[in-house]
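**Student:** dropping the sequence and predicted coords here.
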Amino acid sequence: MKHNFRSITDELFQLHGSLRKQWPGLCRVAVALYDDETDLIHTFIKSEIGEVLLDHYSVELSSVPSLVKIAELNEPRLVQDLTILQNHNNEHSQVISKHFKSSYTQPFYLGDTLQGFIFYDADALSYFTDDLLASLDMYSHLVESLVVSELLPVKTLVALMTTTQEITNLRDSETGQHLIRMAYFMELIAIELADKYNISDEQIEYVWCYAPLHDIGKIAIPDSVLLKPGRHTEAETIIMQTHVNEGLKLMDKILASFHFHTFHHIDLLKDIIGTHHEKYDGTGYPNGLKGNDIPIYGRIASVADNFDALISDRVYRKGWTLEAVMNYLNENKGTFFDPDCVNAFIKNEDKVTAILDKFKDNFKC
C-alpha cells in the first residue's frame, strides 16, 4: 500500500481542527522546542486562526521565569486571564496577552530531558473548563508522540552521519566549531528569508539539524588530497569535488539501511549536501546549476560555508578579516552567490559577529 507522508505541521492542523469542532474558541496550538546546549526555546510548529504570530521566534528559557518554573515542576500552567502577563518583559507574553484571553501550557520530556512546550490559547476569559483540560491532556500526549516520532529519527540520522563526519574531522582541517557555525549561519539566513521563500519554522529546524552534514562526502576523499597542506593541483581539485556526489551516495545508503527515505523533509538534506558548491552564475559544481535552479537551501549553504571558510585560518593561508569577507560576499552577489542570501547575511552582521565570538577558532575580526 502506498502512503502519503505529511509534514508534522499538517498533522497539527488536523488535530487543531478536530479540537475546534467542540471548542471553537481554541484559536491557537503551538509547539516550541528546547535546546539545552544553547538554552533556547524556539517555535517549531503551530496552528492558529487569524493573525500569524511569533513566526521564527526564539528566546532563552532562563529569561522566561514562568516557563522555567513549569519545566522544573513538570506541571502544566493554566492562566484564565492573560492580562496578568501584559507587564512581562518577554515578547511571547506580550504578544499572547494582547491577542488572547486565556492559555494553557504543558511541558514535555523524553525521559528526564526537557524537549519543549505545548501552548494552547483561547479567545475568551476562563475558557479552559475541566472537560477541555481533560481533552487537552489527551491531545497533548498525541502531539508529544508526533513530535518525538518526527524528531527521533532525524536525530538518529544526524547522529549516524555526524559520527561518520567526526571520523573525517580527525583527518580534515575543518573543526567541529565550523560545523556548529554553519548551523547558526544557515539558520540566520533562512529566518531572514522565511517570508519571501515561504520557509516554515519546521523547515528552519531541519536546516539547523542538517547544516553540519554539508561536507559528509569528504570521508571518501583520500588523505593525500584531503590533508594536503598546500593548494590542490587541477587533478586533486577534481578529486576533492567528488565529495558532493560521494556525500549523496553515503546519505542514500544510510537512508535505505534505516528506512529513513520516507522523511518528507529529506529533499532539504539532499539540497544542502548536493548543491552547496553550485554558484549563482552557473560556474559551480557538480551540475553547473544557475540562479533559481539552485535550491534555496543550497544557495543559503553556499554563503554560510564560503563565509566561514574565508574567515577561518587554513594551513596554507591566514583567515580574512570580517570586513574583507563581507566585502567579498557583496562584490560577488549575483555571480557566485544569490543576492538575497548575501543581503540577508550582511544585514545581520551583528548576529554574525556574536556567533563568531561564541564559537571561536582563529579569526581576524
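**Tutor:** It's in. Please read all numbers here as calculations on a predicted model, not as lab measurements.
**Student:** what mean pLDDT would you report for the longest helix seen in the chain?
**Tutor:** Secondary structure of the chain per DSSP state H: the longest helix is helix 130-169. Taken as a whole, helix 130-169 has a mean pLDDT of 81.
**Student:** do stretch 211-229 as well
**Tutor:** For stretch 211-229, the per-residue pLDDT averages 87.
**Student:** in it, what's buried?
**Tutor:** 211-221, 225-226, 228 (16 or more other Cβ atoms under 10 Å). Every C-beta, even on glycine, is put in place using the N, C-alpha and C of the backbone.
**Student:** returning to what we had before: and the longest helix of the chain, how far out from the chain middle?
**Tutor:** In terms of Cα atoms, centre = their mean, to the nearest Å, the centre of helix 130-169 is found 14 Å from the chain centre.
**Student:** helices or strands up against that helix?
**Tutor:** helix 8-22, strand 26-35, strand 102-110, strand 113-122, helix 176-197, helix 201-210, helix 243-257 (3 or more Cβ pairs under 8 Å, 6 or more residues apart in numbering; DSSP states H and E).
**Student:** tell me which of those sits nearest to residue 360.
**Tutor:** helix 176-197 (7.2 Å; Cβ to Cβ).
**Student:** for that closest one, what is the average pLDDT?
**Tutor:** 92.
**Student:** poorly predicted segments of the protein, please.
**Tutor:** Applying pLDDT under 70 to the chain flags residues 1-6, 162, 164-175, 261-262, 361-365.
**Student:** per-domain residue ranges of it.
**Tutor:** 8-149, 171-358 (automatic domain parsing).
**Student:** okay, now residue 186: neighbour count?
**Tutor:** Neighbours of residue 186 under the rule other Cβ atoms under 10 Å: 27.
**Student:** who touches it in this structure?
**Tutor:** 207-208, 211, 272, 297, 300-301, 304 (Cβ atoms under 8 Å, 6 or more residues apart in numbering).
**Student:** repeat for residue 88
**Tutor:** 66, 94, 97.
**Student:** quick one: which helix or strand includes residue 38?
**Tutor:** Per DSSP states H and E: residue 38 is located in neither a helix nor a strand.
**Student:** what is the burial count for it?
**Tutor:** Residues near residue 38, counting by other Cβ under 10 Å: 13.
**Student:** ok, now which ones touch it?
**Tutor:** residue 60.
**Student:** distance check, it against residue 20.
**Tutor:** Residue 38 is 34 Å from residue 20, where distance means Cβ to Cβ, to the nearest Å.
**Student:** now swap in residue 160 and tell me
**Tutor:** 39 Å.
**Student:** nearest to residue 155, of the domains of the chain?
**Tutor:** domain 171-358 (7.5 Å).
**Student:** how far does the closest one sit from its chain's centre?
**Tutor:** 14 Å.
**Student:** any chance of the domains of the chain in TSV, with distance to residue 155 too?
**Tutor:** Output for these, formatted as TSV (distance: least, Cβ to Cβ, whole Å):
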stretch	distance to residue 155
domain 8-149	10
domain 171-358	8
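**Student:** so of the ones you listed, which one's packed in deepest?
**Tutor:** domain 171-358 (a mean of 18; mean count of other Cβ atoms under 10 Å).
**Student:** where along the stretch 251-365 of the chain do the helices fall?
**Tutor:** In the stretch 251-365 of the chain, the segments counted as helices under DSSP state H, counting those that start in this stretch are 266-275, 296-311, 322-331, 339-347, 349-358.
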